[in-house]
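Visitor: Predicted model follows, preceded by the sequence.
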Amino acid sequence: MAKKYLYALLICLTILAVIFPRILKSNEPICSYHSEVYQGLELQALSEELGNTGLIGRIHGAARASNMFVMSVREPNNFFSHREFSLLARDRESLKILEQVNRHDLLCVQGNFIANPSPQQHIAISSIQVLNSWAQPEGFAPYQRQLIAELTQQGSLMVEVHAIAAKGAVLVVEYQDLILPIYVTATEYTQDLYRGDIVKLAYQIQGKPQNPTHLKLDTQAEKPLEVIDAISSWQNQEQTLTGNLVKFPQSPQLKFDVYAMAVDTKGIERFFTLVNFKDIEAFQQIRDKLANIWDANLATAVSGRNMLINPEVTIQAQGLINIVSPEQANPQILLDSAEDVVRF
């Protein structure tokens, strides 16, 4: 008899050990942050958080006209580890909030991951809160996207790779002022791409979803995808480049202002950040020189999509090109000193 009671007690304790923490967590305030959930960015843990107190992240991009909203969730204390999730509103209230968000806004969303043939995860939102709004740089109006001609049902485009992941199964490109997700079923065409590659791709417009527009790589075309300029081929090349001065203002992802230049390559504008990782003092001098040029010409600077740019200020920089990862946001020019960059 004593063994039966002991066995029953062990079962009860085991159940309590599993259920009680969940009850406690379910009673926690909405939008509580649990750093352990974000370690490794495992989808199972993130999914449970999404359905419980809410997933917390920052807006990576928001395009109201095309109904495209993407949230970035980062691993604690690891800047280079992050996941991007597409956000879908279930109701008018959630959509109204999404239509007001801007890049870097801190959000808390509740909902669930939806079934999707692409590895790109989509969140159907049941509840959304803006925890902190990131202010537009003072004196600059929000960027206004440029209208472009409507895409034909089928054709080809010269584009820049905006994002690449899941061994090529997730592909997003930039075409003029549009960000276009590409549905990929044949990753042999995309698996070796880098962010920043200039490619010509054959496409078909997918019937669903209609907004935002999704394209499908047309594998029946003679050349479904052709790499016109691989950014990785620039690695370790000594280059002298000329372009407009660009500023990426300090943000949750950047500890200080980062300066860059907009360079026309194959008819497509690429952004090259200007850095020196070996000599902190030299890097500070480079930043100070560029900041002085920027500040002296502030009246002609305007907002870009995710940065500020001065179309009236042209600079020239000389250094080695540095690309360390297929997912690197922008190629870098490694400068030895402030003398390597001049007003042109």
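Guide: Now that the structure is in, tell me what you want to look at.
Visitor: Helices of the stretch 51-200 of the chain, residue ranges please.
Guide: Assigned by DSSP state H, counting those that start in this stretch, the stretch 51-200 of the chain shows helices spanning 92-98.
Visitor: pLDDT weak spots in it?
Guide: Flagging of the stretch 51-200 of the chain using pLDDT under 70 yields the residue ranges 147.
Visitor: Output the longest strand belonging to this structure.
Guide: Taking residue count as the measure and DSSP state E as the definition, the longest strand of the chain comes out as strand 308-322.
Visitor: packing partners for the helix or strand that comes right after that strand?
Guide: Counting by DSSP states H and E, the element after strand 308-322 in chain order, helix or strand, is strand 332-334. With contacts defined as 3 or more CB pairs under 8 Å, 6 or more residues apart in numbering; DSSP states H and E, the secondary structure elements packing on strand 332-334 are strand 268-275, strand 308-322. All C-beta spots, glycine's among them, are computed from the backbone N, C-alpha and C.
Visitor: Surely Asn297 is in contact with Asn310?
Guide: Yes - A contact is recorded between Asn297 and Asn310 when judged using CB atoms under 8 Å, the distance being 5.7 Å.
Visitor: Comparing the helices and strands packed on strand 332-334, which comes out most buried?
Guide: strand 268-275 (a mean of 20; mean count of other CB atoms under 10 Å).
Visitor: now the strands for the stretch 1-150 of the chain?
Guide: 55-63, 68-74, 82-89, 106-113, 122-132 (DSSP state E, counting those that start in this stretch).
Visitor: gap between Leu308 and Leu274?
Guide: With the distance defined as CB to CB, to the nearest Å, Leu308 ends up 15 Å from Leu274.
Visitor: Let me know how buried the residue nearest to Arg103 when sequence neighbours are not counted is, in neighbour terms.
Guide: Closest residue in space to Arg103, ignoring its immediate chain neighbours: Ile59 at 5.5 Å, by CB to CB, 6 or more residues apart in numbering. Here the number of neighbours of Ile59 (other CB atoms under 10 Å) works out to 21.
Visitor: Is Ile59 bridged to anything, and to what?
Guide: Ile59 has these beta-bridge partners by DSSP bridges: Met71.
Visitor: quick one: contacts for it?
Guide: Neighbouring residues of Ile59 by CB atoms under 8 Å, 6 or more residues apart in numbering: Phe69, Val70, Met71, Ser72, Val101, Asn102, Arg103, His104, Asp105, Leu107.
Visitor: looking at the strands of the stretch 1-150 of the chain, which is closest to Val37?
Guide: Put simply, out of the strands of the stretch 1-150 of the chain the one that sits nearest Val37 is strand 55-63, at 8.5 Å, with distance taken as CB to CB.
Visitor: Wasn't Gln285 part of a strand?
Guide: No - secondary structure of Gln285, determined by DSSP: H, G, I helix; E, B strand; the rest coil: helix, with no strand assignment.
Visitor: from memory it sits against Glu339, does it?
Guide: No - distance between Gln285 and Glu339: 9.3 Å, which falls outside the contact criterion (CB under 8 Å).
Visitor: So for these two, which sits in the more crowded spot?
Guide: In terms of neighbours (other CB under 10 Å), Gln285 is the more surrounded of Gln285 and Glu339; the figures are 16 against 12.
Visitor: so who does the residue nearest to the more buried one when sequence neighbours are not counted touch?
Guide: Excluding its sequence neighbours, the residue lying closest to Gln285 (CB to CB, 6+ apart) is Ala338, at 4.4 Å. With contacts taken as CB under 8 Å, 6+ apart, Ala338 has the following neighbours: Ala282, Gln285, Ile286, Asp288, Lys289.
Visitor: now do Ala65
Guide: Applying CB under 8 Å, 6+ apart, we find Ala65 in contact with Arg145.
Visitor: burial count for Thr242?
Guide: When counting by other CB under 10 Å, one arrives at 12 neighbours for Thr242.
Visitor: Look up which helix or strand it falls in, please.
Guide: With elements taken from DSSP H and E, the one containing Thr242 is strand 238-248.
Visitor: what packs against the helix or strand following that strand?
Guide: Note on strand 238-248: by DSSP H and E, the next helix or strand toward the C-terminus is strand 258-265. Contacts defined by 3+ CB pairs under 8 Å, 6+ apart place strand 258-265 against strand 238-248, strand 268-275, helix 280-296, strand 308-322.
Visitor: For stretch 140-157, C-alpha coordinates in PDB please.
Guide: Extracted C-alpha coordinates of stretch 140-157, given in PDB (Å, rounded to 0.1, in the frame of the first residue of the first chain):
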ATOM      1  CA  PHE A 140      14.000  64.800 -41.900                       C
ATOM      2  CA  ALA A 141      10.600  64.000 -43.300                       C
ATOM      3  CA  PRO A 142       9.700  60.300 -43.500                       C
ATOM      4  CA  TYR A 143      10.900  58.600 -46.800                       C
ATOM      5  CA  GLN A 144       8.300  58.500 -49.500                       C
ATOM      6  CA  ARG A 145       8.500  55.500 -51.800                       C
ATOM      7  CA  GLN A 146       8.700  56.200 -55.500                       C
ATOM      8  CA  LEU A 147       5.900  54.800 -57.700                       C
ATOM      9  CA  ILE A 148       7.000  52.500 -60.500                       C
ATOM     10  CA  ALA A 149       5.300  50.900 -63.500                       C
ATOM     11  CA  GLU A 150       3.100  47.900 -62.700                       C
ATOM     12  CA  LEU A 151       4.900  44.600 -63.300                       C
ATOM     13  CA  THR A 152       3.800  42.400 -66.200                       C
ATOM     14  CA  GLN A 153       2.400  39.000 -65.400                       C
ATOM     15  CA  GLN A 154       5.500  37.300 -66.600                       C
ATOM     16  CA  GLY A 155       8.900  38.600 -67.700                       C
ATOM     17  CA  SER A 156      12.500  39.300 -66.400                       C
ATOM     18  CA  LEU A 157      14.000  41.900 -64.200                       C
END
